[in-house]
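>>> Got a predicted model here, sequence first, then my questions.
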Amino acid sequence: MGHIDVNGVEFSLSDGRVLLSDVNFRVGDGAKVALIGANGSGKTTLIRMISGDLEPDEGAISISGGLGIMRQFIGSVRDESTVRDLLVSVSPKRIRDVAANVIATEDLMHLRNEERDQMAYAQALVDWGDAGGYDFEVVWDVCCTEALGKSFDEVSHRKVNTLSGGEQKKLVLRALLEGPEEVLLLDEPDN
Ligand SMILES: Nc1ncnc2c1ncn2[C@@H]1O[C@H](COP(=O)(O)OP(=O)(O)OP(=O)(O)O)[C@@H](O)[C@H]1O
Ligand SMILES: [Mg+2]
């Protein structure tokens, strides 16, 4: 079950311009709703308020169900992140948290490699399994195979910036659609 409720939302930009005023709508369970408006009319800002990145000046937003988010510029990743990082970034918080710990402890093991570092890494892998990380890797394998024609093992360390913009979006869309979240916010899911 999931829903979004937006009630009386107002939002002004830092220069005082009123961007959103008296915004009210409800997206009920199972509904697919498109938000259409001119460039700069405030769609991404509204999505950022629903996702909790921004606070409305007035009004209230409530949602039920887990939230998955595809951000507007997901198709233009230009940093050093990998395919694995991208898939982790659109996963539920519990997966993001344990994934960060696996990487941090693995780095420390390679840098210092004391017994406590090996223990910490082993524990991080146990936590990854307990959080369902290996189940996510099975789903990511399906996503990579469908979006990129390669297995997750083959592409997990590949830099996202070597994928085309369309491939990046397709991969994230696939992962969100296969994922567990009841509510998906997709900002320009044009693939
Ligand atoms: N941090 C900011 N400071 C100043 N202006 C901002 C800021 N963030 C957004 N804006 C302005 O708010 C307006 C709405 O931006 P927003 O990104 O929500 O539009 P949008 O409807 O998603 O547009 P698009 O269709 O181009 O994606 C724009 O005029 C933008 O320039
Ligand atoms: Mg936008």
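Great, that's in hand. Ligands and ions are numbered 1, 2, ... in the order given.
>>> all contacts plus neighbour counts: C-alpha atoms, from now on.
Fine.
>>> near ligand 1, which residues of the chain show up?
Counting by CA under 6 Å from any ligand atom, the residues of the chain close to ligand 1 are L13, A38, N39, G40, S41, G42, K43, T44, T45.
>>> among those, which two are most distant?
L13 and A38 (17.0 Å; CA to CA).
>>> Name the residues that touch stretch 165-185?
Stretch 165-185 has contacts (CA atoms under 8 Å, 6 or more residues apart in numbering) with 1-3, 47, 64-70, 74-77, 86-87, 90-92, 139-140, 143-144, 147-148, 160, 189-191.
>>> ok, back up a step: from the residues of the chain next to ligand 1, which would you call buried?
With neighbours counted by 16 or more other CA atoms under 10 Å, the residues of the chain next to ligand 1 contain buried members at K43, T44, T45.
>>> quick one, what contacts the first one?
For K43, the contacting residues are L35, I36, G37, by CA under 8 Å, 6+ apart.
>>> how many neighbours does the second one have?
I36 is flanked by 8 other residues according to other CA atoms under 10 Å.
>>> Also R174?
17.
>>> Could you name the specific helix or strand carrying it?
Under the criterion of DSSP states H and E, R174 resides in helix 165-178.
>>> for that helix, which positions count as buried?
Neighbour counts over helix 165-178 (16+ other CA under 10 Å) mark G165, E167, Q168, K169, K170, L171, V172, L173, R174, A175, L176 as buried.
>>> quick one: D22 and E10 touch, right?
Yes. D22 lies in contact with E10 (CA atoms under 8 Å); the separation is 5.8 Å.
>>> the more surrounded of these two?
The neighbour count for D22 versus E10, taken as other CA under 10 Å, is higher for E10 (19 against 13).
>>> Name the residues that touch the helix or strand where that one lies?
Counting by DSSP H and E, the element that carries E10 is strand 3-12. For strand 3-12, the external contacting residues (CA under 8 Å, 6+ apart) are 18-29, 56-65, 183.
>>> model confidence over stretch 24-44, on average?
For stretch 24-44, the mean per-residue pLDDT is 96.
>>> domain assignment for the protein?
Domain assignment for the chain, taken from automatic domain parsing, gives 3-65, 74-180.
>>> right, so the ones you listed: which one is the most enclosed?
Ranked by mean neighbour count under mean count of other CA atoms under 10 Å, these are led by domain 74-180, which reaches a mean of 17.
>>> and that one, average pLDDT?
Domain 74-180 comes out with an average pLDDT of 94.
>>> Could you do stretch 48-68 as well?
Mean predicted confidence for stretch 48-68 is 95.
>>> List of residues touching it?
By CA under 8 Å, 6+ apart, stretch 48-68 touches 1-12, 45, 69, 90-92, 176, 180-185.
>>> Same question for stretch 116-134.
Contacts of stretch 116-134 (CA under 8 Å, 6+ apart): R94, I95, V98, A99, N101, V102, T105, E106, L108, M109.
>>> Next one: the first one from N113, what distance?
It stands for R94. As defined by CA to CA, to the nearest Å, R94 lies at a distance of 26 Å from N113.
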